[in-house]
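Visitor: sequence and predicted structure are below.
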Amino acid sequence: MSPFLDLWSWWPQTALVIDRAETADAEDLATIHGGAFHRGWPADDFVAMLGENAVLAHVIRRRAGAPVAGFVLSRLAADEAEILTVAVDARLRGRGLAGRLLAEHVKDLMRAGIRHLFLEVESENAPALKLYARHGFATIGRRKGYYRSASGAADAITMRRELPPL
Ligand SMILES: CC(C)(COP(=O)(O)OP(=O)(O)OC[C@H]1O[C@@H](n2cnc3c(N)ncnc32)[C@H](O)[C@@H]1OP(=O)(O)O)[C@@H](O)C(=O)NCCC(=O)NCCS
């Protein structure tokens, strides 16, 4: 194989596709969510949430027509939004998918007039903390021992990111 062809196979992100999530994606979202959290949400819950006007969700695929690789879902109220969940298929983590997804999601939140973005994360969740720090989230609160964790109990960290007007 020529070095040129090899470069393309090494650079898979060129084909990434990010779309608004649709109710048809609910089963995929439930599967990925169930693989990421102890208490998964059933597909019916995703159908209900995706039907809400106040919910904005995106899915990422490695290429057009591929299965959903990850998703992010936020609930909006006036000029505030909260990221309720973000998850990537366990087999596809550590490749920058969540970063790409979050960047696109935030752009769409800004188009919707969101100026204050919140989320909550477990203090022992290193990948998520890195993801949010890189995307400009700052810690604004901490609830001690809120989550049960591998080490006994972990804190819940509340984070905020301010978004400029478009
Ligand atoms: C958090 C999560 C969505 C990140 O998805 P991802 O596609 O693997 O994320 P990325 O590849 O964009 O990497 C995000 C950051 O985490 C880092 N990271 C990835 N895997 C890691 C690991 N096992 N340990 C520590 N850091 C890790 C990356 O280096 C990157 O940081 P950087 O930008 O400073 O280099 C994914 O790990 C996941 O689905 N976890 C389970 C669900 C979850 O915890 N969601 C967040 C709830 S608040």
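Guide: Yep, that arrived. Numbering: from 1, shown residues only.
Visitor: contact partners of stretch 57-67?
Guide: Contact with stretch 57-67 is made by 12, 15-21, 25, 28-29, 49-50, 68-74, 88, 92, 97, 100-101, 104-105, 108, as judged by C-beta atoms under 8 Å, 6 or more residues apart in numbering. Every C-beta, even on glycine, is put in place using the N, C-alpha and C of the backbone.
Visitor: could you do stretch 158-166 as well?
Guide: Around stretch 158-166, the neighbours that count as contacts under C-beta under 8 Å, 6+ apart are 106, 109-111, 113-121, 132, 135-143.
Visitor: which SSE is the residue most central in space within the chain in?
Guide: Averaging the C-alpha coordinates of the chain gives a centre point, and the residue nearest to it by C-alpha atoms, centre = their mean is residue 86 (2.7 Å). Secondary structure assignment for residue 86, by DSSP states H and E: strand 80-88.
Visitor: and that strand, what does it pack against?
Guide: In this structure, strand 80-88 packs against helix 26-36, strand 68-77, helix 97-111, strand 116-122, with contacts taken as 3 or more C-beta pairs under 8 Å, 6 or more residues apart in numbering; DSSP states H and E.
Visitor: for the longest one, the averaged confidence score.
Guide: For helix 97-111, the mean per-residue pLDDT is 98.
Visitor: what's the answer for the last one, then?
Guide: The pLDDT scores in strand 116-122 average 98.
Visitor: what are the buried residues along the helix or strand following it?
Guide: The element immediately downstream of strand 116-122 (helix or strand, assigned by DSSP H and E) is helix 126-134. Within helix 126-134, the residues that count as buried by 16 or more other C-beta atoms under 10 Å are 128-129, 131-132.
Visitor: the ligand next: which of these are close?
Guide: The subset of the buried residues of helix 126-134 within reach of the ligand, by C-beta under 6 Å from any ligand atom, is 128, 131.
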